[in-house]
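Trainee: Just a sequence and a predicted model for now, questions to come.
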Amino acid sequence: MSESAFRPCAIIPVYNHQQRIGAVVARLLEHQLDCVLVDDGSEPGCAAVLADIAQQHAGVTLLRLPVNSGKGAAVCFGLRHAYEAGYTHALQVDADGQHDLNDVPLFLTGGREHPTAVISGWRSYDQMPPARRRGRKLTDFWVCVNSLSRQLKDSMCGYRLYPLAATMQLLLKHRIGARMDFDTDILVRLYWQGVPVKNIPTHIVYQDDIASHFDILRDNLRIAWMHTRLFLGMLRRFPRLVMRNPHE
């Protein structure tokens, strides 16, 4: 894709991440990326920080959801806005500073070279805390089953670049998981749709002082139900998926 036709932005869902969001936005702006902040019903202190950031930087757009609707809902809201604003690709970035923003050029280069593909971050198992490693291995197994492929290396990593035209086609047809089930759900469904997935090794910084919004009971139930839905969807698509991956 030519440089003039490639117009990416960053989408950052924010829920009470006021401590690090300023630094995250500053780094993304250094990479010449416009930023779409989606305030997912944050408390007033965080909302004020986001308003200040948007006021200080011309390349920052602030969107707000009136109540906390979940990471997936916030990202989808941002994706729709980015598409309507004329962007061709959107880099999903966490607001808590865990994503290594030194890798941004790798994602952008991947998007230029493979404009129809999802450029998906791929974390090493070695750098993950044991509890997260176990959860990821279980999800990796079910993603292989539900896609009939080993191409989706790390569906739980939210650091990825979406081709917006194909992504909007999906969002118009299907309801995607709105919370912690989002990252895996949308990646598998994009793959089902025929969107290529290119994996880029990336580093994640796990910081002890970052509060997790993961609800152990509710989010695990959501993820289990997501895998069930995807499994049933895979059965309906089985012949086509097998023909797509005859050697896997």
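Mentor: Everything's here; your move.
Trainee: Below-threshold pLDDT in this structure: ranges please.
Mentor: Along the chain, the model assigns pLDDT under 70 to residues 1-4, 125-129, 131-132, 207-215, 246-248.
Trainee: how about the helices in it?
Mentor: In the chain, the helices defined using DSSP state H lie at 21-30, 44-56, 71-84, 104-113, 130-147, 164-173, 182-192, 216-236, 238-244.
Trainee: Redo these as CSV? Include distance to Q98 and mean neighbour count.
Mentor: From N, CA and C alone the C-beta is placed, and that goes for glycine too. Output for those, formatted as CSV (distance: least, C-beta to C-beta, whole Å; neighbours: other C-beta atoms under 10 Å):
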stretch, distance to Q98, mean neighbour count
helix 21-30, 10, 18
helix 44-56, 17, 15
helix 71-84, 13, 22
helix 104-113, 14, 18
helix 130-147, 11, 16
helix 164-173, 23, 16
helix 182-192, 13, 24
helix 216-236, 17, 14
helix 238-244, 32, 12
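Trainee: for the ones you listed, which one sits closest to D96?
Mentor: helix 21-30 (8.1 Å; C-beta to C-beta).
Trainee: The most centrally placed residue in the chain - nearest residue in space that isn't next to it in sequence?
Mentor: In the chain, the residue lying closest to the centroid (C-alpha atoms, centre = their mean) is G158, at 3.7 Å. Take G158 and drop its neighbours on the chain: the residue closest to it by C-beta to C-beta, 6 or more residues apart in numbering is D183, 4.8 Å away.
Trainee: which ones are touching that neighbour?
Mentor: Going by C-beta atoms under 8 Å, 6 or more residues apart in numbering, D183 touches G72, S155, M156, C157, G158.
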